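Engineer: could you work out the structure for the sequence below:
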Amino acid sequence: MPRGVRHRLRLARHSPVIHDSFRDRFMDLSGLNLVPGAVRHERPHLHLLPLVLGGQSYAVTPEEIEARLDLQAASGGLYLKLGFAARVDGACFRCLEPAYLVLDVRSSEYHDTRAPIDDEELRCEYIADDQLDVERWAHDSLVFALPDKILCRDDCAGLCPHCGIRLEPGAVHECVPEELDTRWAKLRDLL
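Structural biologist: Next comes the predicted model:
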């Protein structure tokens, strides 16, 4: 084998490599060789699959997300920081009209290389065999950054439970007379 090829193979084995493809899903951490306090900055390009929430599919755009990944060595461990911006498009939770959110996602993890494998507090769940699953970490971080409900607007009133018409703020809606629960009749008499 020619000397230049051997040298490139040796460099590939001993330097952190983010797989060069459309999706930089994994990062090899085995060759980082960072001293405590040293920081390495990476810019992986990720492809996040659509999210499925409540049976509805929510698209994540842009299709290829450039993330910011910082790896900082600590004595016996590694601090990991991930950041990216994404837009989530789908149906409003209340009225099913199109809705979207623009999110600035930030997440951090700590991985203690000396901790037992089953120690969930000190080991990062996205690292296995010195491979960081950046894409899965980004997906989970995006889900955690979402609000409880994705709404088309903050004051969305949703749909009428009787006729299914979208309830607009300030609009008059009279599909069914309001039925009062007879159990509350005595309290109503007090008013």
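Engineer: poorly predicted segments of this protein, please.
Structural biologist: Across the chain, the ranges flagged by pLDDT under 70 are 1-24, 176-180.
Engineer: what sits closest to residue 84 if chain neighbours are left out?
Structural biologist: residue 67 (4.0 Å; C-beta to C-beta, 6 or more residues apart in numbering). Using the backbone N, CA and C atoms, a C-beta is placed for each residue, glycine as well.
Engineer: the one you found against residue 43, yeah?
Structural biologist: Yes. Assessed by C-beta atoms under 8 Å, residue 67 is found in contact with residue 43 at 7.0 Å.
Engineer: these two: who's more crowded?
Structural biologist: residue 67 (22 against 11; other C-beta atoms under 10 Å).
Engineer: returning to what we had before: ok, the residue nearest to residue 84 - contacts?
Structural biologist: By C-beta atoms under 8 Å, 6 or more residues apart in numbering, the contact list for residue 67 reads 43, 44, 45, 46, 82, 83, 84, 134, 138.
Engineer: what residue is smack in the middle of this structure?
Structural biologist: residue 142 (1.4 Å; C-alpha atoms, centre = their mean).
Engineer: which SS class is that one?
Structural biologist: helix (DSSP: H, G, I helix; E, B strand; the rest coil).
Engineer: residues contacting it?
Structural biologist: 48, 51, 60, 86, 88, 103, 105.
Engineer: rerun that using 7 Å as the cut-off
Structural biologist: 48, 60, 86, 103, 105 (C-beta atoms under 7 Å, 6 or more residues apart in numbering).
Engineer: right, and the fourth one touches residue 86 too?
Structural biologist: Yes. Here residue 103 lies in contact with residue 86, judged by C-beta atoms under 7 Å, at a distance of 5.7 Å.
Engineer: the more surrounded of these two?
Structural biologist: residue 86 (20 against 16).
Engineer: tell me which element the more buried one falls in.
Structural biologist: Using DSSP states H and E, the element containing residue 86 is strand 77-91.
Engineer: show me what that strand is packed against.
Structural biologist: Counting contacts by 3 or more C-beta pairs under 7 Å, 6 or more residues apart in numbering; DSSP states H and E, strand 77-91 packs against strand 56-61, strand 68-74, strand 98-112, helix 134-145.
Engineer: nearest to residue 154 among the ones you listed would be which one?
Structural biologist: strand 98-112 (11.0 Å; C-beta to C-beta).
Engineer: give me the sheet partners of the closest one and which way each runs.
Structural biologist: strand 77-91 (antiparallel) (DSSP bridges).
Engineer: before we move on, back to that, what comes up buried for the strand holding residue 86?
Structural biologist: By neighbour count with 16 or more other C-beta atoms under 10 Å, strand 77-91 contains the buried residues 77, 78, 80, 82, 84, 86, 88, 90, 91.
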